[in-house]
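Peer 1: With the input below, show me the fold.
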Amino acid sequence: MKKWIVEKWKSVYGRRKILWKKYQIALWIEVIFIGVAAVCSGSLYQIERTNQTAAAQNVMEGIQNEIYHMVSGGGTPDEVRTLVTERMEELEREEGHNVYGAALQFYNQKGSVMKTTGDKNIAVVWSASAEEGIITEDFMLEDYFDSEDLEDFFYSYYKSEGADQPGRSCGIRQMTGYYQEDGSFRPLEVTFYDRDDAAGVYILQNSRKMERMSGEELVYRLGDLEQGEISRPEQTETGYFSLSIYDQGDNNMYMQAYSRIQSVTPGEFAEGGFERNESQGNVSIWQRKAANSGQIGGYCCSICADIETMIRDAGNLRRMTALVWVIGQGFAAFLIGIYLYIRKKKDRLEEMHNTFMNAVAHEMKTPAAVLKNSAECLQAGIHPEKQEHYLEIIQQEADHMNELLNSMLTYTRVTDSVYQIQKEECSLEQLARKVSRHYVDTAAEKKISLIWDVNSPAVVSCDPKLMEMVLDNLISNAVKFCREGGVIRITLEERSIGIYNEGKEIPEEDIIHIWEPMYRGDKSREYEKGSSGMGLAISGAVLRLHKADYGVKNVRDGVEFYLRM
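Peer 2: Here you go, the predicted structure:
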């Protein structure tokens, strides 16, 4: 086995130059296709990236505008962060996962950093009725509770085990806290519950602060639908809770956004404040001084978008790229197929050319040798009684060579693409009967029976001289190869003729080559001395000029040539 593989490899390696010469065009077509497809894929990627970047910039710009209007309207840091958390959470639900990350940094009126957002943004919004209408308060739980407790709450309760996305059944039953000197409410304990599981309760608590507070200072906030018995009803407030959670812990976009706001400094608070926009590609950074805001002197908001993930999720690039490669590969395969077909035809033509030249050389070599030998005999002063014999041989071989050359010239003429045939209405029966008279004596010598089966005179439009040449060749072959005492049957149908001769069949491997010039297959059917060997090749060329359907087939006890106009 190893020896066979080595020999096979040597054979292929030895033919590498021949294979390269024959198939290098096909290889270059494939290389060009790969190059063009790669360029198109790159262009499609740039187009899709531009589209997704533009879409991300629109989203980021909308969020930045909302933030600016809220801060300008006197919003607190908690309210702003709640807004960002809600928008990020909405985007997370739309996309199915985090593709945006946002970070906020607030400055006081002196330009010092007040607050910075974290990676777990858990916002609680409290709404309650008052004399002046509905009042709302926003609480970012990371400002009031330990980060480890928030992590534990987020992963142990809010995120159901094994789920990729947060559950949406979490609610707030009670918030316990106290009012500070400035009138703001500070939560110390939040009781969460699972709407799908009555026993599922989680309490988030600032235990150290709770221990220091007296019972009179504590205020209990309950949702209207979740009121229960408590010990101090005079310190109970009712309202509505809403919860918004956006987890950026595993989001690389948040880390990028956070690192960018850490590198930004507010600068001097000169008259008119500061405002700077560095929105580029998948990053949007706004640094602004707050106008008409009592709590915030200025802020910096950085939002980053994961463009690569957005491109992947959209699927447009994958579909378009696949389409480019499929269509391109199909076109390349089509071109390669055409090239291989032309190459095969070319190889076949070269093979036929070589066979033809070898056959012509062989046909010319024999009579040339006979002529040379006869001339030498005459030159040597052969006996006068034999001179006439050698002169006759010279004449016969000269006629044979002349017939061969004439046949070659005829074949060249009728295969010329510009050759025009002169058509007129002719009867194949009349032409066939005229030709058959030439072979009456030969048929009689071989005791051949000629049978005419005429169902129609088979009148067709053709060149009479060329068609007569075709019929002459087919009938002469039928007589030549019909066995002694055999039968030749000429059948005429409407616009067709069939010529059958009883005798030996033609091997199937030779039938496809029988119309080629000088082809010699079955030696038992070789042309007799004096034949040019070009008859069937010329006949095939003439019939192709007439766009006729023609061929040969083996039938019972013989062979039949046919043509249909």
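Peer 1: okay but Gln109 is in contact with Gly297, surely?
Peer 2: Yes - with contact defined as CB atoms under 8 Å, Gln109 reaches Gly297; the gap is 4.0 Å. No exception for glycine: its C-beta is placed from N, CA and C like everyone else's.
Peer 1: These two: who's more crowded?
Peer 2: Applying other CB atoms under 10 Å to Gln109 and Gly297 shows that Gly297 carries more neighbours, namely 19 against 15.
Peer 1: Surely that one and Lys110 touch.
Peer 2: Yes - using CB under 8 Å, Gly297 is in contact with Lys110, at 6.9 Å.
Peer 1: low-confidence ranges in the stretch 201-350 of the chain?
Peer 2: Residue ranges of the stretch 201-350 of the chain with pLDDT under 70: 224-233, 250, 265-274, 290-294.
Peer 1: how about the helices of it, start to end?
Peer 2: Taking DSSP state H, counting those that start in this stretch as the test, the helices found in the stretch 201-350 of the chain are 207-212, 252-262, 307-314, 316-379.
Peer 1: between the last one and helix 307-314, how many degrees?
Peer 2: Helix 316-379 runs at 80 degrees relative to helix 307-314, counting by axes from the mean of the first three to the mean of the last three CA atoms, to 10 degrees.
Peer 1: Which elements pack onto the helix or strand following helix 316-379?
Peer 2: Note on helix 316-379: by DSSP states H and E, the next helix or strand toward the C-terminus is helix 384-414. Applying 3 or more CB pairs under 8 Å, 6 or more residues apart in numbering; DSSP states H and E, we find helix 384-414 packed against helix 316-379, helix 535-545.
Peer 1: Show the subsequent helix or strand relative to helix 384-414.
Peer 2: strand 424-427.
Peer 1: packing partners for that next one?
Peer 2: strand 459-462, helix 464-481.
Peer 1: could those go into JSON lines alongside mean neighbour count?
Peer 2: Shown next, in JSON lines, are the helices and strands packed on strand 424-427 (neighbours: other CB atoms under 10 Å):
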{"stretch": "strand 459-462", "mean neighbour count": "18"}
{"stretch": "helix 464-481", "mean neighbour count": "20"}
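Peer 1: out of these, which comes closest to Leu141?
Peer 2: Closest to Leu141 of the helices and strands packed on strand 424-427 is strand 459-462 (CB to CB; 98.5 Å).
Peer 1: That closest one pairs with which strands, parallel or anti?
Peer 2: As defined by DSSP bridges, the strand partners of strand 459-462 come to strand 424-427 (antiparallel).
Peer 1: buried set for the strand it pairs with?
Peer 2: For strand 424-427, burial by neighbour count (16 or more other CB atoms under 10 Å) applies to Cys426.
Peer 1: And for stretch 305-315?
Peer 2: Buried positions in stretch 305-315, judged by neighbour count with 16+ other CB under 10 Å: Ala305, Asp306, Ile307, Thr309, Met310, Ile311.
Peer 1: Check stretch 333-346 too.
Peer 2: Leu335, Ile336.
Peer 1: From the chain's centroid, how far away is it?
Peer 2: 21 Å (CA atoms, centre = their mean, to the nearest Å).
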